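[1] pasting the structure only:
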């Protein structure tokens, strides 16, 4: 099994053998298993951040999954098997959550107090005008059977999505530097990214690659 660097994992040592752990779910030495915690980042041994390394996420997931493999837990009692199954399920759910940049962003925002009664940027006249322009172009393209116009609309939507995701990353970077007023900017950027993601998905189904 590939060894994972545990020096800076931030997880307390195993209560059974005092070994370093990547995740509170399972000890790599004695295979002691704990009931799943609620923090998806902690479950995968990752720093709480929007800009996580996807390769590291997959590496940690593979490592922890092997530790929770039934073949690695032979001879355990029924209760430990049940906890191991819960841990494996929680690990998979955490991976799905953190692999999706929009879901990861919304999850991160849940750790912050979002300002109340804010005016969302997606309610601005500029944003609504952009939405209407895309909708008009798509309706026209579908009515005329114009695949070139559909493809052009898709390209615009993809550019909007990329721009919104870039803004999300910038806002969360500033949040991680303790500028908590960026909660509003992060929430707005996520809303925009979610919208453009939906437009892109719809147009991908209507255009040829």
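    Thanks, I have it. This is a predicted model, so every value here is computed, not measured. Numbering: from 1, shown residues only.
[2] rest of the way, CA atoms for contacts and neighbours
    Fine.
[3] low-confidence ranges, the protein, go.
    In the predicted model of the chain, residues 1-10, 72, 74-75, 113-119, 177-182, 209 satisfy pLDDT under 70.
[4] buried sites along the helix ranked longest in it?
    Taking DSSP state H as the assignment, the helix of the chain that covers the most residues is helix 147-175. By 16 or more other Cα atoms under 10 Å, the buried positions in helix 147-175 come out as 149-154, 156-158, 160-161, 163-165, 167-173, 175.
[5] repeat that for stretch 102-115.
    In stretch 102-115, counting by 16+ other Cα under 10 Å, buried: 102, 104-109, 114.
[6] how far off centre is it?
    Chain-centre distance of stretch 102-115: 11 Å, with Cα atoms, centre = their mean, to the nearest Å.
[7] give the residue farthest from the middle of this structure.
    Going by Cα atoms, centre = their mean, the residue of the chain most distant from its centre is residue 144, 38.3 Å out.
[8] residues touching that residue, list them.
    Residues in contact with residue 144, defined by Cα atoms under 8 Å, 6 or more residues apart in numbering, are absent; none qualify.
[9] before we move on, the earlier item: which other helices and strands contact the longest helix of the chain?
    Contact analysis of helix 147-175 by 3 or more Cα pairs under 8 Å, 6 or more residues apart in numbering; DSSP states H and E lists helix 125-144, helix 182-204 as its packing neighbours.
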